[in-house]
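J.: Provided below for reference: sequence and predicted model.
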Amino acid sequence: MLLIHCPYCEDTLPELEFTYAGEAHIARPADPSALSDEEWRDYLFIRTNARGPHYERWRHVGCGRFFNALRDTVSDRFLMTYKAGLPRPPLPQETVE
Amino acid sequence: MMTSQKHDFAAAAIRIEDVAPTLRLSLRVKPAHRETLGRALGLDLPTRVGTRAAANGTEALCLGPDEWLIVAPEGTDPAAPARAAYAQAPHSLVDISDREITLRLSGPAVLDVLASCCPRNIAAMPVGSAVRTVFDSATVILWRDGPTDFRMDIWRSFVPHVCALLAQVQDEVMADL
Ligand SMILES: [Zn+2]
């Protein structure tokens, strides 16, 4: 079982306490009606579908909080987790090929 | 004779009892207003997830950065002083007394029984702490009151499922499996 570090509980806990919640750092447009259909489609549906490090959201049932994680989609390894609202951190050096 | 001996052993290894209903309140308040509201409630609301504070029979458990569960005796009204402090410390305080049913689980086999359905390392929980976690995918709040003494708050509709699992695990413990 994967162990995931919750940045709010400051504890590393089994994945069964967590729920995946899609790609992170996708800001809702401030004025949706000003967008073209293509821009709105991109906001709703188009994702990076990364092979490798992927910025994504998770929710922990313990504290009821959403947070962000950087997970490698090939190895399933969690490279880091951080609180929601923080800027996207750079990729750790060792993961850059 | 054998049967009754076995039964006694199982009863001692894990006891499962209903806990009398209590008043349960869900509190949400921003960190900036935590201290003010805590003063009104007469509780120093803890800030670390999983830690508890108690005073005058009322207990507060920190569930998240801005979320607490307050347990108080039935008939008391901790919401009244909180209401009086609303202007200084805006918050949400909701009566959720009937949402969950509480079981007391105790006895030397209690850690084995909980480990059968909880993915979290229950043995590592400090005595006096409590966590919201899952019991076979049902969300529960687990209070550790002693080394082998726990309370489990279970959402009402999951109680039959949780109790059926507990009975099955209890049988396995009894059979020494
Ligand atoms: Zn958490």
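T.: Right, received. Where do you want to start?
J.: any idea how far residue B:22 is from residue B:108?
T.: Distance of residue B:22 to residue B:108, computed by C-beta to C-beta, to the nearest Å: 27 Å. Just so you know, the C-beta spots here come from the backbone N, C-alpha and C atoms, and that holds for glycine as well.
J.: So between those two, which is more surrounded?
T.: Neighbour totals were compared for residue B:22 and residue B:108, and residue B:22 leads with 16 against 12 (other C-beta atoms under 10 Å in any protein chain shown).
J.: Buried ones in the host helix or strand of residue A:42, by neighbour count?
T.: Using DSSP states H and E, residue A:42 sits within helix A:37-45. Neighbour-count burial for helix A:37-45, counted by 16 or more other C-beta atoms under 10 Å in any protein chain shown, picks out no residue.
J.: mean confidence score for that helix?
T.: Averaging pLDDT along helix A:37-45 gives 96.
J.: swap in stretch B:41-52?
T.: The average pLDDT within stretch B:41-52 is 96.
J.: Do me a favour and get the end-to-end distance for it?
T.: Separation of the first and last residues of stretch B:41-52 by C-alpha to C-alpha, to the nearest Å is 14 Å.
J.: quick one on the thing from earlier: same for the helix holding residue A:42, what does it pack against?
T.: In terms of contacts (3 or more C-beta pairs under 8 Å, 6 or more residues apart in numbering or on different chains; DSSP states H and E), helix A:37-45 is packed against no helix or strand at all.
J.: ok, and what's touching that helix?
T.: Outside helix A:37-45, the residues within contact range by C-beta atoms under 8 Å, 6 or more residues apart in numbering or on different chains are A:26, A:28-29, A:32, A:35.
J.: Ok, stretch A:6-19 next?
T.: Residues contacting stretch A:6-19 (C-beta under 8 Å, 6+ apart): A:1-5, A:58-63, A:65, A:67, A:81-83, B:48-50, B:64-65, B:119-120, B:133-134, B:137.
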